[in-house]
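Enquirer: show me the folded form of this:
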Amino acid sequence: MIVTVPGVTKIGGIEFDDVTYDREGDVMYLWVGKPRRPASDDASPEGHYLQFGEDGAVIAITIVNARRILEREGKVVVTLPDGSRLETSDLGDVLAAA
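Expert: Modelled structure (predicted):
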């Protein structure tokens with residue numbers, strides 16, 4: 001079941017305001033604004049899916065195994081193509097709300 005998560009979820013300084021979570025698949029979909037066609041996409045070394053706008057900014061992240069990673073590692077890390085890392089340990093409340 002896919003659940004809409006209320007509020008804003010912040011990861012590495014990026015505020016995602018359209019967040020859904022697939023409980024059965026343990027996949028979190030995070031968007032800056034409404035979902036739309038990206039200018040480009042990529043995968044992180046951690047196996048997450050990244051989407052970028054025309055200006056190169058992150059517009060969406062799909063976090064695979066969100067709950068499992070958070071429980072095992074205490075945080076979720078997403079490495080961008082330029083080597084910078086987005087990191088959060090604050091997804092517990094988001095997952096609990098889903």
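Enquirer: could you use CA atoms for every contact and neighbour count after this?
Expert: Will do.
Enquirer: looking at this, Y29 is in a strand?
Expert: Yes. The assignment for Y29 by DSSP: H, G, I helix; E, B strand; the rest coil puts it in a strand.
Enquirer: which residues does I59 contact?
Expert: For I59, the contact set (C-alpha atoms under 8 Å, 6 or more residues apart in numbering) comprises W31, V32, G33, P38, L50, Q51, F52, G53.
Enquirer: filter those to the buried ones?
Expert: W31, V32, L50, Q51, F52 (16 or more other C-alpha atoms under 10 Å).
Enquirer: where do the helices sit along the protein?
Expert: 66-73, 91-97 (DSSP state H).
Enquirer: can you tell me which of those helices has the worst average pLDDT?
Expert: Mean pLDDT per stretch puts helix 91-97 lowest among the helices of the chain, at a mean of 72.
Enquirer: buried stuff in that one?
Expert: Buried-residue list, helix 91-97, by 16+ other C-alpha under 10 Å: L91, G92, V94, L95.
Enquirer: list the helices and strands it packs on?
Expert: If you count contacts as 3 or more C-alpha pairs under 8 Å, 6 or more residues apart in numbering; DSSP states H and E, helix 91-97 packs onto helix 66-73.
Enquirer: how about residues contacting the helix it packs on?
Expert: By C-alpha under 8 Å, 6+ apart, helix 66-73 touches D26, V27, M28, K75, V76, S89, L91, G92, L95.
Enquirer: quick one on the thing from earlier: tabulate the helices of the chain (a markdown table), appending distance to Y21.
Expert: Compiled in a markdown table, the helices of the chain are given as follows (distance: least, C-alpha to C-alpha, whole Å):
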| stretch | distance to Y21 |
| --- | --- |
| helix 66-73 | 9 |
| helix 91-97 | 8 |
